[in-house]
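Novice: what follows is a predicted protein model with its sequence.
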Amino acid sequence: MAKSKLVKANEKIAEGVTTGFKKMSDGVTSGFKKMSDSVVEGYTKIEDKFVDQFLTKDGETVEEAKARLKEEEEARRNNGNEK
């Protein structure tokens with residue numbers, strides 16, 4: 001059975017709308033991911049500078065200080081929950 005011109009036109013419009021939406025969605029998602037990555041990167045730089053400046057002990061790297069602080073925080077939480 002042959003499709004009418006109206007059905008063919010409707011399918012073409014639907015395909016165009018779907019393709020356009022997909023491109024727009026991909027663009028928005030890509031833009032958000034780039035923005036999110038740059039915000040996280042900026043925060044991490046600030047956090048590292050703060051830890052280096054104020055929280056490291058002599059001879060300790062930033063990564064070591066972060067690990068030590070995380071362990072101390074977990075120990076405090078565990079001690080508080082046992083009471």
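Specialist: Arrived safely, thanks for sending.
Novice: the protein: strands as residue ranges?
Specialist: Applying DSSP state E to the chain gives no strands.
Novice: so in it, which helix runs the longest?
Specialist: Ranked by residue count and defined by DSSP state H, the top helix of the chain is helix 5-50.
Novice: let me see the mean pLDDT of that one.
Specialist: The average of the pLDDT scores along helix 5-50 is 97.
Novice: next, name the residue at the spatial heart of the protein.
Specialist: Nearest residue to the geometric centre of the chain (CA atoms, centre = their mean): Ser36, 5.3 Å.
Novice: residue contacts, that residue?
Specialist: With contacts defined as CB atoms under 8 Å, 6 or more residues apart in numbering, Ser36 is in contact with no residue. Bear in mind the C-beta positions are built from the backbone N, C-alpha and C, glycine included.
Novice: gap between it and Asn81?
Specialist: 33 Å (CB to CB, to the nearest Å).
Novice: next one: Val39
Specialist: Val39 is 33 Å from Asn81, by CB to CB.
Novice: more neighbours, those two?
Specialist: Between Val39 and Asn81, counted using other CB atoms under 10 Å, the more crowded position is Val39 (10 against 7).
Novice: good, we can wrap up now.
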